[in-house]
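In: Generate a structure from the sequence data that follows.
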Amino acid sequence: MFHVVDDNEPLLEFLISFIEDVGYEAKGFSSSVEYLEYVKSPVFTPPLAILSDVQMPMIDGFEMLKKVRELYPSIRSAVISAYPKSGGESRDQSCVYLEKPMTMESLEKIIRTFASCLKNGPDPKQYECNSSGVQSVFALDRWSCPHAARCKKHKA
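Out: Predicted coordinates for the structure are as follows:
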């Protein structure tokens, strides 16, 4: 199960549908506040990963991820933003930063990589920094993914 957090309803619905088309379950949340309430509820089940927008009212995606990691330090996440310079140091709150407009291939690779990490541990060949035009994907070997160390221990 993936959790998707985005205040843009059409994009939220698209991302959920896309994840399901790739073969995984997805649950959507239309705000970071709504998601944090769910995370703190007794019915919360940690996802394979969280995909979150950055620019949202009240609490941005980076701050939301920081609060989630305080409760669940090993949760993996990807942030999606139309603002390539957004986040600065806050980018470390996420395993992956995906810049809009994103390609479907990049999005699918991220989804499959998160699922593979859980099952098999991280594969350094999958985590190369990849950049083309306005699209950039930074992954686990370049960023401080909170789950990478656990995956390595799990595989050993």
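In: Does Y35 fall in a helix, a strand, or a coil region?
Out: helix (DSSP: H, G, I helix; E, B strand; the rest coil).
In: contacting residues for it?
Out: Residues counted as contacts of Y35 (C-beta atoms under 8 Å, 6 or more residues apart in numbering) are 3, 5, 29, 50, 52, 64, 68. Yep, even glycine has a C-beta here, placed from its N, CA and C like the rest.
In: do that again at 6 Å, thanks
Out: 5, 29 (C-beta atoms under 6 Å, 6 or more residues apart in numbering).
In: Check it and give its pLDDT.
Out: Reported pLDDT at Y35 in the predicted model: 98.
In: Next one: it relative to K66, how far apart?
Out: Using C-beta to C-beta, to the nearest Å, Y35 is found at 13 Å from K66.
In: go on, A115?
Out: Taking C-beta to C-beta, one finds A115 at 24 Å from K66.
In: Same check on I50?
Out: Applying C-beta to C-beta to I50 and K66 gives a distance of 12 Å.
In: the more surrounded of those two?
Out: I50 (27 against 15; other C-beta atoms under 10 Å).
In: Give the bridge partners for that one, please.
Out: H3, S77 (DSSP bridges).
In: Tell me if I'm right that it and R76 touch.
Out: No: taking contacts as C-beta atoms under 6 Å, I50 lies outside contact range of R76: 7.4 Å.
In: residues contacting E108?
Out: V22.
In: secondary structure element for it?
Out: Element membership of E108 [criterion: DSSP states H and E] is helix 104-120.
In: and R112, how far is that from A82?
Out: 24 Å.
In: what about the helices in the protein?
Out: 9-22, 32-39, 61-71, 104-120, 148-155 (DSSP state H).
In: Take those helices and lay them out in a markdown table including distance to Y97.
Out: Conversion of these to a markdown table gives the following (distance: least, C-beta to C-beta, whole Å):
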| stretch | distance to Y97 |
| --- | --- |
| helix 9-22 | 16 |
| helix 32-39 | 17 |
| helix 61-71 | 10 |
| helix 104-120 | 10 |
| helix 148-155 | 15 |
